[in-house]
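1. Give me a model of this one.
(one chain, ligands or ions: 1)
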Amino acid sequence: MSLTLSSYAFSLAKWIRAAFLGRIWNVPGEVANKFNKIYMPVLPQLCKLLRKTNTDVCAAPFIDFFHLLISHYLCHMLRTKGQLKPPPKLGCGCGDCQELDRFLAGKQSQYTFHISALRISHLGAQIGKGLAGGLVKQETQHHPPSHLVITKTHAFRFESMWEYRLQIVYDMFTAIGTKNVEKIMGDRYVDVCKALEGRDGFRLDDTAAQRQQWDVLPAPTSTVNTTTSVIGGKRKREPEVIDLTD
Ligand SMILES: [Zn+2]
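-> Model prediction:
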């Protein structure tokens, strides 16, 4: 009987984990939005929790979840270098504006102009043109202003900078564990490496392509009436499960 109870408690814990992952994966919405607002913020916390509870990320159901997450990120978000948008040119051609456009086309995320209030006003007007909407932030320092700090937003860097997109992938792999990523992706790992080079986009395999929704099966049921024992069995595994669902 104890084996049955132990097996039931194990099945229940596994089901709760799968149901939790299913809830995350099945959140409705546009793919980029879901990655930016849900999956990517949740991922490091989830990985941290799994490490803390000595849970193998390569065991079911986590392996399926991470396989989906990596596959869809590479396919829909990383894409290829050829799909990047060229950085906008906002300058009028004057010296300051050429410096501005060099910064926009370069790898730096932030740049400070040490120029007069008049020239700051001119650059501010150029930056304020339509294309800059949501792409850069600017702030002046001191009164009267003597510095203009321009920062590329996430949207700018994501749309136009390959290194930035790659960094997000590397951060994701670091959170999961690079060796784990190899195991999770299996024979698709070679395609992952190709995708990181930026030439060939990652194609979803049939399983990932078809799994737009994570099917959550009904919860397992115990065949014996042993409420007290089952609760006791759950108590051993509950803390990590509760943390996950919260
Ligand atoms: Zn100018």
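2. Tell me where the model's unsure across this protein.
-> Applying pLDDT under 70 to the chain flags the ranges 1-6, 8-15, 130-132, 141-142, 208-246.
3. Give me the most central residue, it.
-> When CA atoms, centre = their mean is applied to the chain, the residue found nearest the centroid is residue 40 (2.9 Å).
4. Just the element for that one, please.
-> helix 40-52 (DSSP states H and E).
5. Kindly spell out which helices and strands sit in contact with that helix.
-> Helix 40-52 makes packing contacts with helix 162-176, helix 227-245 when contacts are defined by 3 or more CB pairs under 8 Å, 6 or more residues apart in numbering; DSSP states H and E. Backbone N, C-alpha and C define where each C-beta goes, glycine included.
6. Buried ones in it, by neighbour count?
-> By 16 or more other CB atoms under 10 Å, the buried positions in helix 40-52 come out as 40, 43, 46-47, 50.
7. next helix or strand past it?
-> Helix 40-52 is succeeded, C-terminally, by helix 62-72 (DSSP H and E).
8. Could you verify that residue 148 is part of a strand?
-> Yes. Assessed by DSSP: H, G, I helix; E, B strand; the rest coil, residue 148 belongs to a strand.
9. how many neighbours does it have?
-> If you count neighbours by other CB atoms under 10 Å, residue 148 ends up with 23.
10. mind checking how far it is from the ion?
-> 13 Å (CB to the ion, to the nearest Å).
11. so that residue touches residue 112, yeah?
-> Yes. Judged on CB atoms under 8 Å, residue 148 makes contact with residue 112 at a distance of 7.1 Å.
12. Which neighbouring elements make contact with the one helix or strand residue 102 maps to?
-> In this structure, residue 102 is located in helix 95-105 according to DSSP H and E. Applying 3+ CB pairs under 8 Å, 6+ apart, one finds that helix 95-105 makes contact with strand 110-114, helix 117-127, strand 147-152.
13. And the shortest one, what does it pack against?
-> The reference is to strand 110-114. Using 3+ CB pairs under 8 Å, 6+ apart, strand 110-114 sits against helix 95-105, helix 117-127, strand 147-152.
14. returning to that earlier point: among the helices and strands packed on helix 95-105, which is the most enclosed?
-> strand 147-152 (a mean of 18; mean count of other CB atoms under 10 Å).
15. Tell me what angle that strand forms with strand 110-114.
-> 160 degrees (axes from the mean of the first three to the mean of the last three CA atoms, to 10 degrees).
16. Which positions in this protein make contact with the ion?
-> With CB under 5 Å from the ion as the criterion, the chain meets the ion at residues 92, 94, 97.
17. Which among those residues count as buried?
-> residue 97.
18. from the residues of the chain next to the ion, which is closest to residue 74?
-> Distance ranking of those against residue 74, using CB to CB, places residue 97 first at 36.8 Å.
19. what helix or strand does residue 139 sit in?
-> strand 136-141.
20. Okay, now the sheet partners of that strand, with direction.
-> Strand 136-141 has the following sheet partners, assigned by DSSP bridges: strand 147-152 (antiparallel).
21. Identify each buried residue in the helix or strand just after the partner strand, please.
-> Next helix or strand after strand 147-152 toward the C-terminus (DSSP H and E): helix 154-160. For helix 154-160, the neighbour count (16+ other CB under 10 Å) marks 156-160 as buried.
22. Now do the same contact list for the nearest residue to residue 116 once chain neighbours are set aside.
-> Closest residue to residue 116 apart from its sequence neighbours, by CB to CB, 6 or more residues apart in numbering: residue 146 at 7.4 Å. Going by CB atoms under 8 Å, 6 or more residues apart in numbering, residue 146 touches 114-117, 120.
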